[in-house]
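Novice: What shape does this take:
(one chain, ligands or ions: 1)
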Amino acid sequence: MRVDAVTLFPGMIDGPLSESIVGRARSEGFLELGFVNPRDFTEDRHRTVDDKPYGGGTGMVMMAEPLYRALKKVRKRGSCVILLTPKGSKFDQAAAVELSKKKHLVFICGHYEGVDERVTPLADLQLSIGDYVLTGGEPAAVAVIDAVTRLIPGVLRKSDATVNETFGDGLLEAPHYTRPAVWRGKKVPEALLSGNHRLIAQWRLEQAQALTSAERPDLAKPAKKKAGVAKAAKH
Ligand code: ADE
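Specialist: As a prediction, the model looks like this:
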């Protein structure tokens with residue numbers, strides 16, 4: 001998969017995504033990650049990318065033209081362009097699965113107070129990673145790219161590593177334990193030591209159901225509003 005990020009701060013994405021599993025996915029060619037900086041598409045002496053908001057108010061707004069030109073540089077037929085914004089639809093595992101099927105993702109990362117509203121129709125999709133305000137879209141892009149990359153076939157060595165995990169079946173995952181069997185007086189649940197696969201599967205299901213209804217009862221209910229990732233790529 002190819003991913004490009006339109007960002008003023010490529011290091012905020014490149015750094016975290018050079019480590020661990022995603023770093024390996026990049027060096028093994030499962031993920032090609034590129035960056036395009038709107039500042040490189042300015043024409044004035046100060047390479048201006050932001051300006052004061054019309055109507056007044058605090059903060060700065062990213063100007064449309066440098067973003068447009070940067071996007072034009074990387075967008076191809078079939079690209080899925082995603083604007084990261086707290087106003088977007090909530091990113092979840094189902095959206096990650098849909099995005100992992102695309103050939104080319106382009107992330108537009110706003111910074112400061114956000115982007116000129118006239119840029120938003122250039123995106124196929126607007127995504128938020130949660131109801132809080134980040135300093136920019138970059139940390140959100142890291143989260144989305146990470147969640148998508150681990151779903152690319154071949155990235156996780158164990159082929160079934162994403163099959164029984166949290167959210168896959170609308171349930172939180174059962175707790176995990178590793179050696180030693182007794183740690184500071186705390187024992188690993190008997191079922192997991194039994195070697196009986198049916199018993200283990202039953203225990204995990206019960207734990208997952210109990211955990212989900214205690215911590216995330218909303219997961220059992222149908223979501224009110226879906227991201228609609230599958231339908232979104234119209235360009
Ligand atoms: N930019 C700032 N906050 C954000 C959020 N919560 N999700 C996506 N992009 C953002």
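Novice: This structure: strands as residue ranges?
Specialist: For the chain, applying DSSP state E gives strands covering 2-6, 32-36, 50-51, 61-62, 80-90, 104-109, 125-128, 182-183, 186-187.
Novice: Let's have the ones you listed in JSON lines, adding mean pLDDT and distance to V229.
Specialist: (Glycine included, C-beta is placed from N, CA and C.) Listed next are the strands of the chain as JSON lines, based on pLDDT from 0 to 100; distance: least, Cβ to Cβ, whole Å:
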{"stretch": "strand 2-6", "mean pLDDT": "99", "distance to V229": "15"}
{"stretch": "strand 32-36", "mean pLDDT": "98", "distance to V229": "20"}
{"stretch": "strand 50-51", "mean pLDDT": "97", "distance to V229": "29"}
{"stretch": "strand 61-62", "mean pLDDT": "97", "distance to V229": "24"}
{"stretch": "strand 80-90", "mean pLDDT": "98", "distance to V229": "8"}
{"stretch": "strand 104-109", "mean pLDDT": "98", "distance to V229": "10"}
{"stretch": "strand 125-128", "mean pLDDT": "98", "distance to V229": "6"}
{"stretch": "strand 182-183", "mean pLDDT": "98", "distance to V229": "41"}
{"stretch": "strand 186-187", "mean pLDDT": "98", "distance to V229": "41"}
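Novice: show me the contacts for the residue nearest in space to the middle of the chain.
Specialist: The centroid of the chain falls nearest to V144 when counting by Cα atoms, centre = their mean (1.0 Å). V144 makes contacts with 82, 84, 91, 96, 99, 107, 127, 129, as judged by Cβ atoms under 8 Å, 6 or more residues apart in numbering.
Novice: if we can go back for a sec, could you redo the strands of the chain as TSV and give each row distance to P139 and mean neighbour count?
Specialist: What follows is the strands of the chain, written out as TSV (distance: least, Cβ to Cβ, whole Å; neighbours: other Cβ atoms under 10 Å):
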stretch	distance to P139	mean neighbour count
strand 2-6	12	25
strand 32-36	15	17
strand 50-51	19	15
strand 61-62	16	22
strand 80-90	9	21
strand 104-109	9	25
strand 125-128	12	22
strand 182-183	34	10
strand 186-187	35	10
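Novice: can you put the ones you listed in TSV and add distance to the ligand?
Specialist: Below are the strands of the chain laid out as TSV (distance: least, Cβ to the nearest ligand atom, whole Å):
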stretch	distance to the ligand
strand 2-6	12
strand 32-36	17
strand 50-51	15
strand 61-62	12
strand 80-90	4
strand 104-109	8
strand 125-128	4
strand 182-183	37
strand 186-187	36
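Novice: Generate TSV for those, with distance to G168 as supplementary columns.
Specialist: Output for the strands of the chain, formatted as TSV (distance: least, Cβ to Cβ, whole Å):
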stretch	distance to G168
strand 2-6	23
strand 32-36	25
strand 50-51	41
strand 61-62	36
strand 80-90	17
strand 104-109	21
strand 125-128	20
strand 182-183	28
strand 186-187	28
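Novice: Give me the nearest residue to K102, chain neighbours excluded.
Specialist: Nearest-residue entry for K102: C80, 4.8 Å, with adjacent residues in sequence omitted and distances by Cβ to Cβ, 6 or more residues apart in numbering.
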